[in-house]
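>>> make a model of this:
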Amino acid sequence: YKAHFFGREDYRQSLRDAMTLYVGLHVRLKRVLGIDHPLTRKVAAGFLRCFDEQLDWSLDDIPGEHLAYRARLLGN
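As a prediction, the model looks like this:
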């Protein structure tokens, strides 16, 4: 998800792909290990870090389902 730091083309698609992987993994971990397991929490933190570390994107770059998942993780 940090591809934009290296100037790679089409990094926004890479970002969306990374976020999709985080969501899928987090859903599985919640089901298998539980929401309070340290690994489940680390994956959720990684997903949120995708949002926090991006420098030059807009909300239009992020699919609505990822925005909704972020809101659920943050308790909004």
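>>> going forward, measure contacts between C-alpha atoms and count neighbours the same way
Will do.
>>> next up, phi/psi of His37, please.
Backbone geometry at His37, expressed as degrees, to the nearest 10, gives phi -70, psi 140.
>>> starting at the chain centroid, how far to the helix or strand encompassing Leu48?
According to DSSP states H and E, Leu48 maps onto helix 38-52. Centroid displacement of helix 38-52 relative to its chain, using C-alpha atoms, centre = their mean, to the nearest Å, is 7 Å.
>>> helices or strands up against it?
helix 11-32, helix 64-74 (3 or more C-alpha pairs under 8 Å, 6 or more residues apart in numbering; DSSP states H and E).
>>> from these, which stretch is densest packed?
Across the helices and strands packed on helix 38-52, averaging neighbours per residue (mean count of other C-alpha atoms under 10 Å) puts helix 11-32 on top, at a mean of 16.
>>> so it versus helix 64-74, what angle?
For helix 11-32 against helix 64-74, the angle by axes from the mean of the first three to the mean of the last three C-alpha atoms, to 10 degrees is 50 degrees.
>>> if we can go back for a sec, need the helices and strands packed on helix 38-52 in JSON lines with mean pLDDT and distance to Leu39, can you?
JSON lines is the format used below for those (pLDDT from 0 to 100; distance: least, C-alpha to C-alpha, whole Å):
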{"stretch": "helix 11-32", "mean pLDDT": "88", "distance to Leu39": "8"}
{"stretch": "helix 64-74", "mean pLDDT": "89", "distance to Leu39": "15"}
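>>> list the buried residues of the helix holding Leu48.
Within helix 38-52, the residues scored as buried using 16 or more other C-alpha atoms under 10 Å are Thr40, Arg41, Val43, Ala44, Gly46, Phe47, Leu48, Cys50, Phe51.
>>> of the residues you listed, closest to Val27?
Using C-alpha to C-alpha, Thr40 is the member of these that lies nearest Val27, at 8.7 Å.
>>> the closest one contacts Val32, correct?
No: taking contacts as C-alpha atoms under 8 Å, Thr40 lies outside contact range of Val32: 9.5 Å.
>>> pLDDT score for the residue nearest the centre of the chain?
Centroid-nearest residue in the chain: Phe47, 2.9 Å away (criterion: C-alpha atoms, centre = their mean). We have a pLDDT of 90 for Phe47.
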